[in-house]
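Novice: Just need the structure, nothing else, for what follows:
(one chain, ligands or ions: 1)
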Amino acid sequence: MTTDTNLLSLARKAARCLLPFIKDPDKQVINLKYFQKIVSLVPELASYHFGALQHLEKIAESKSCDTLRDYYKLLINNNDELEFLKTNLTMKGTHFFRGNDWDLFSKECLSNFEGKEHINLWCAGCSSGEEAYSLLMALSDYVPIERIELLATDYNDELLKKCMAGEYFNQHYSEIPEHYQSWVECGPKKFLIRQELKDRIETRNLNLLSDEFPNGFDVILCRNVLKFFTSTVISEIQKKLSASLNCGGYIFLSRDDGPNTGERIKNPETLGLIEICSGCIYQKKSFPCQQTKEVNQNINEQ
Ligand SMILES: C[S@@+](CC[C@H](N)C(=O)[O-])C[C@H]1O[C@@H](n2cnc3c(N)ncnc32)[C@H](O)[C@@H]1O
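Specialist: Numbers count the residues shown, from 1 in each chain. Okay, here's the model as predicted:
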């Protein structure tokens, strides 16, 4: 993933994208050059698309560095800063019941789990946990909460700690539909997720670019994460996510209604998936499962 060709094409894309907006050409030339140098320190950056350049500039500013040259100097031989950068390569903003597709997802997909003995969920790239708790709340409409287990993963330990704490500022309370607000306890400044819900969650540090994926899930959410990666990387991760899914299970991605295609899976049938909702919800075929097993086997052997 970190070949010279990759880096060059990344830099060209970045240049093309930035040309109309260049305010300070000298600074941009420096930034492009040092973007590549920073990629050589943090090779994972090459898996993120050219938006990563702008993101990096923001991080540099937050570290009081005027250009990426200054930021590069700060990074060299500085393990703490390198570690910070490695786990902050994308934005981490999130909220409860994010996006417009939750009602549809609940009615079309989660309702099918009614009566099931045990349900395994995975929230990949969970940030501070709002999405994981949203999923538990939504599924509690159909299944008693003690039958549900949810694995919440991210590559940023600070965010995972926040997820486990389950404590959020009151300004986010209104993001939770009234129907589910009994799942939280209100305080003067913050509200707290009730223990019964927190007990259903296990957190784990998992880097989607490099770690092995767990499997056996009935539902996988990986929303507003894939869109940060290059298209090759997106396809690789989508294959692995599909391999982690039980037959009949669902993948819920985020939809981009703008000019971009969002996180859409290009050829779902080749992964044994059926598109349930355009570009964002997919179901793993329950039959023929044989074909799906072969796809999984091939992926795991790669
Ligand atoms: C914009 S947030 C999305 C959070 C949530 N899924 C949502 O839709 O609101 C992107 C998350 O992806 C995580 N992330 C980015 N790159 C990752 C990687 N390589 N492995 C695991 N998590 C990653 C970030 O730490 C961040 O929490």
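
Novice: quick one: Lys63 and Leu74 touch, right?
Specialist: Yes - using CB atoms under 8 Å, Lys63 is in contact with Leu74, at 6.2 Å. Using the backbone N, CA and C atoms, a C-beta is placed for each residue, glycine as well.

Novice: Overlap of the contact sets of the two?
Specialist: Residues touching both Lys63 and Leu74 (CB atoms under 8 Å, 6 or more residues apart in numbering) are Glu81.

Novice: Count the neighbours of Tyr133 for me.
Specialist: The burial count assigned to Tyr133 is 29, neighbours taken as other CB atoms under 10 Å.

Novice: Sorry, wrong one. I was asking about Glu185.
Specialist: 13.

Novice: Is it bridged to anything, and to what?
Specialist: With DSSP bridges applied, Glu185 shows beta-bridge pairing to Leu192.

Novice: give me every residue that touches it.
Specialist: Neighbouring residues of Glu185 by CB under 8 Å, 6+ apart: Phe191, Leu192, Arg194.

Novice: can we see that at 10 Å?
Specialist: Gly166, Glu167, Phe191, Leu192, Ile193, Arg194, Gln195 (CB atoms under 10 Å, 6 or more residues apart in numbering).

Novice: By neighbours, which of the residues you listed wins?
Specialist: Within those, neighbour counts (other CB under 10 Å) peak at Ile193, which reaches 24 neighbours.

Novice: So, low pLDDT: which residues of this protein?
Specialist: Scanning the chain for pLDDT under 70 picks out 1-23, 257-261, 287-302.

Novice: how about 80 then?
Specialist: For the chain, the stretches with pLDDT under 80 are 1-25, 50-52, 256-262, 286-302.

Novice: mind listing the helices for it?
Specialist: Assigned by DSSP state H, the helices in the chain fall at 4-18, 25-41, 51-62, 68-75, 79-86, 102-108, 130-139, 157-165, 195-198, 231-243, 289-301.

Novice: so of these, which one's packed in deepest?
Specialist: Highest mean neighbour count among these (mean count of other CB atoms under 10 Å): helix 130-139, with a mean of 25.

Novice: so what secondary structure elements neighbour it?
Specialist: Judged by 3 or more CB pairs under 10 Å, 6 or more residues apart in numbering; DSSP states H and E, the packing partners of helix 130-139 are helix 102-108, strand 119-124, strand 148-154, helix 157-165, strand 190-193, helix 195-198, strand 201-205, strand 217-221.

Novice: Which residues of the stretch 151-300 of the chain lie near the ligand?
Specialist: Applying CB under 6 Å from any ligand atom, we find that the stretch 151-300 of the chain lies next to the ligand at Asp154, Tyr155, Asn156, Leu159, Asn207, Leu208, Leu209, Arg223, Asn224, Val225, Ser254.

Novice: 5 Å instead?
Specialist: When proximity is defined as CB under 5 Å from any ligand atom, the stretch 151-300 of the chain approaches the ligand at Asp154, Tyr155, Asn156, Asn207, Leu208, Leu209, Arg223, Asn224, Val225.

Novice: Now do the same contact list for the third one.
Specialist: Right, Asn156. Contacts of Asn156 (CB under 10 Å, 6+ apart): 84, 86-90, 92, 125-128, 162, 205, 207.

Novice: quick one, phi/psi of it?
Specialist: Backbone torsions of Asn156, given as degrees, to the nearest 10, read phi -120, psi 110.

Novice: now swap in the fifth one and tell me
Specialist: Reported as degrees, to the nearest 10, the phi and psi values for Leu208 are phi -60, psi -20.

Novice: out of everything not next to it in sequence, what's closest to it?
Specialist: Distance criterion CB to CB, 6 or more residues apart in numbering; nearest residue to Leu208, sequence neighbours excluded, is Ile237 at 5.6 Å.

Novice: and if you look at Lys240?
Specialist: Nearest residue to Lys240, sequence neighbours excluded (CB to CB, 6+ apart): Phe213, at 4.8 Å.

Novice: I figured that neighbour hits Gln238, correct?
Specialist: No - the criterion here is CB atoms under 10 Å, and Phe213 misses it with Gln238 at 11.3 Å.

Novice: Filter the residues of the stretch 151-300 of the chain next to the ligand down to the buried ones and hand me the PyMOL line.
Specialist: The PyMOL command for the buried members of those (criterion: 16 or more other CB atoms under 10 Å) is given here:
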select buried, resi 154+155+156+208+223+224+225
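
Novice: out of the residues of the stretch 151-300 of the chain next to the ligand, which one sits closest to Leu32?
Specialist: Minimum distance to Leu32 across these is 23.0 Å, recorded for Leu209 (CB to CB).
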